[in-house]
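A.B. asks: predicted coordinates and the sequence they were generated for:
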Amino acid sequence: MALLDWLDERTGIRSATRLMLEEDVPGGARLRYVFGSVLVFLFMQQVVLGILLAFYYSPSATDAWASTAYLNDQVTSGWFLRGLHHHGSSAMVVVVVLHLLQVVIAGAYRKPREVNWWTGLLMGAIVLAFALTGYLLPWDQKGYWATQVATGIMGSVPGGEPLQQFVQGGPEYGNLTLTRFFALHVFVLPIALAGLLGVHLLLFRKHGVTPPDLPEAELKRMTQPFWPNQLFLDVLAMAVCAAVLVGLTVTTHGAELFAPADPASNFVARPEWYFLFLFQLLKYFQGPLTIVATVLLPGAAAAYLFALPFVDRAKSRAVRSRWSVLTGVGLLMAGVTALTAVAIVEDGNNESFQHGVEQAHAEATRARELAREGVSPVGGVAVFDNDPEQKTRNLFKEHCASCHTLEGKGAEEAPVLDGFTSREWLAALVRNPRDRRFYGATKHNTMEPLTTEAASDEELAAVVEYLISLSGASAAASVDAAMVARGKELWDKKLECSSCHELEAGKDSTGPTLAGRGSPAWVARIISDSGQKDLYGDTAEMPKFAGKLTPEQIDALAQFVTSRGAR
Amino acid sequence: MSPGAGGEPDGGRRAVLKLGIGALGLGLAAVPAAPAIGYLLFPSGSKGGEAAFLPAGKRSALAGATPVRVDLYADKVDAWNKTPDVKLGSCWVLERDGALHAFSTVCPHLGCAVDFDAEAQKFKCPCHRSAFGLDGSVEAGPSPRPLDSLEIKEQDGLVAIRLVRYRQGVADKEPV
């Protein structure tokens, strides 16, 4: 205690604590006074959690998603702290509404507490602004698209465009949008809220609680001290709230993180649940009437709440005498609840929406799995480059697409690879090898076309079937045996293909060997060195990739080309 | 709580309430604070995987008694980012008695980049004047140990070097 005496002598800490805690609660401690304290607690918890999140989060369009995925999926307890912050924002919205309803029912907005009421409403608006700005920060699909709608609304309002450009940092989303939302969420809004909270609390201390409508003497008789009676109830309520939050966070395993924001995708955008009523309202007002849902109705509701101290002309705080005000606020709440419910039910019955959600979840899981390897500094969507197939596609783009077309993309300087293992492709090649689709643009445009006089379409089909049967075990399983036999006979006896093409690998020939033609191994040999004697020999123009690419990369490319080429 | 429960507060009941406030308050603080410990300590204590051999070029290009500075590249994972083909560091490579030797360019003293002085035939640190012989031994200055030699591997005419960083300022060569 000597230390405390020493400190008190120099700081007056005892009297300061006494000043904070010693306050009479006329009429006694009550559970319905707890909401304000619970909000203070939630705000403080959000601040602590927010600071913790900032230890890992990086607010740039290229880093935001990857750093959030890292924080959430790799950092010890990251999912829990982020989940608590996410659900904490929902809890704040819920408790703000409860607090507001309690104040309305008690008539605490009335003279002399009008300024208290207004600062409270402003803080409520700030809580919603927190939710809106925080939502975008992970830069995932849901945050990106939901926030697009919000800023889009801003821009559609007459005169709202400059504001939209300001918060977005320009005409479209990017780094500046994130840094602005981050600055708002982390600095501007918390400071604004803390300032208003200070005023709100000072005014609360000035006016005290709004006690039950009882005679003065009775209230006095029932008076209890804030410390510890009311504070115990407050802390108990905080504990219940915290327990619910922890339970929610654990059962949902934290907050959802969708795939990285992709401006080129079509995502099923929905706002967070507490904005669903606005989203639903928007469905009823279209075209020139949109402004009714975006500005007029919400604005009227806000104005009504702000004007409540003047709207209420009743002589006393008694509930009986204030039925009109209570009905007004009640209708407002009922409207919001009904719109929210309709939005949820409509989405529940909307199959394409449900399908979209399913896809979004699958994509999110995939992206987060791939993110564990690390994401290229190019940005969030580059996480999909970790996908082995995408890596190979990028290899194709880099090394092959300047001559070959695959999946409809690339040049036509060399054979188009779309469908190149198919019967149709082979048949068309044999009929017209010098077409640009095949070898027309290459040095290997030496093959003579097989005319319909030399072989009928039916005969050609049999030969093609025979060639398919040579291309490897998987292809051989799908062939028509009778046609293969017919094709072999034609090959051996009638046609002159074998003067250029061998059916065994390793033999010198003018045209490429057809042993294993179209199989991954055959393609891999061509990629490695197409100038081998049993392949394209002197007419080979394609660069040798052995040495340039690793054997694994060549095999992956061969697999990719054969599997895509079959489509 | 019933309105009449208060009135004259009795000492015992108030003490219980105060105790309750303290206990619940501690619990509330622990909800974010307890997980925050592991969260903030992440990822210290985790050892990176064993360093891989990185390609250093052709054997023929590194022949000769004059040290050649070789930059080593590999994919780098930094927290959430994976950057392909980043310069991770460099080393001095020279041939002595027919065998290749590689030394880290990081001065064992305080980590400045060691240069080669062709005239003096010595490695010299520009910061605190440590000087090292061609075998890496300390010849002058404050360095507590010789230049850190790095493992080297030759295959098919290609050279690969295992880039490892060692603790600075101590006499023993300990990887960090």
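C.D. replies: Looks like it came in fine.

A.B. asks: ok, the residue of chain B found nearest chain A - contacts?
C.D. replies: Scanning chain B for the residue nearest chain A gives residue B:82, at 2.7 Å (criterion: C-beta to the nearest C-beta). All C-beta spots, glycine's among them, are computed from the backbone N, C-alpha and C. When the contact criterion is C-beta atoms under 8 Å, 6 or more residues apart in numbering or on different chains, the partners of residue B:82 are A:373, A:374, A:375, A:376, A:386, B:75, B:76.

A.B. asks: what do you get if the cut-off is 7 Å, keeping everything else the same?
C.D. replies: Residues counted as contacts of residue B:82 (C-beta atoms under 7 Å, 6 or more residues apart in numbering or on different chains) are A:373, A:374, A:375, A:376, B:75.

A.B. asks: now, among those, which is nearest to residue A:322?
C.D. replies: Top of the list for closeness to residue A:322, among the contacts of residue B:82 and by C-beta to C-beta, is residue A:375 at 57.2 Å.

A.B. asks: bridging residues for that closest one?
C.D. replies: For residue A:375, the beta-bridge partners are residue B:81 (DSSP bridges).

A.B. asks: burial measure for it, as a count.
C.D. replies: When neighbours are defined as other C-beta atoms under 10 Å in any protein chain shown, residue A:375 has 31 of them.

A.B. asks: neighbours of the residue lying closest to residue A:408 once chain neighbours are set aside, how many?
C.D. replies: Spatial nearest neighbour of residue A:408, excluding adjacent residues (C-beta to C-beta, 6 or more residues apart in numbering or on different chains): residue A:418 at 6.7 Å. Burial measure for residue A:418: 19 neighbouring residues, criterion other C-beta under 10 Å.

A.B. asks: got a list of contacts for the helix or strand containing residue A:127?
C.D. replies: With elements delineated by DSSP states H and E, residue A:127 resides in helix A:114-136, which encompasses its position. Defining contact as C-beta under 7 Å, 6+ apart, one finds that helix A:114-136 is touched by A:89, A:92-93, A:96, A:100, A:103, A:109, A:143-144, A:146-147, A:150, A:181, A:184-185, A:189, A:192-193, A:196-197, A:199-200, A:203-204, A:207, A:272, A:274, A:305-306, A:308-309.

A.B. asks: mind doing that once more with 6 Å?
C.D. replies: Outside of helix A:114-136, the residues within contact range by C-beta atoms under 6 Å, 6 or more residues apart in numbering or on different chains are A:89, A:92, A:96, A:109, A:143, A:147, A:150, A:181, A:184-185, A:189, A:192-193, A:196, A:199-200, A:203, A:305, A:309.

A.B. asks: same deal with stretch B:152-168?
C.D. replies: Outside stretch B:152-168, the residues within contact range by C-beta under 6 Å, 6+ apart are B:51, B:53-56, B:58-59, B:62, B:72, B:88-89, B:91, B:100, B:102, B:110-111, B:148, B:150-151, B:173-176.

A.B. asks: now do 7 Å
C.D. replies: For stretch B:152-168, contacts defined as C-beta under 7 Å, 6+ apart pick out B:51, B:53-60, B:62, B:72, B:88-89, B:91, B:100, B:102, B:106, B:108-111, B:148, B:150-151, B:173-176.

A.B. asks: same check on stretch A:444-464?
C.D. replies: Contact partners of stretch A:444-464, identified using C-beta under 7 Å, 6+ apart, comprise A:423, A:426-427, A:430-434, A:439, A:483, A:486-487, A:490-491, A:495, A:511, A:536, A:539.

A.B. asks: same question, stretch A:330-344
C.D. replies: Judged by C-beta under 7 Å, 6+ apart, the contacts made with stretch A:330-344 from elsewhere in the structure are A:276, A:277, A:279, A:280, A:281, A:301.

A.B. asks: list the buried residues of that stretch.
C.D. replies: The neighbour-count check on stretch A:330-344 (16 or more other C-beta atoms under 10 Å in any protein chain shown) flags A:336, A:339, A:340, A:343 as buried.
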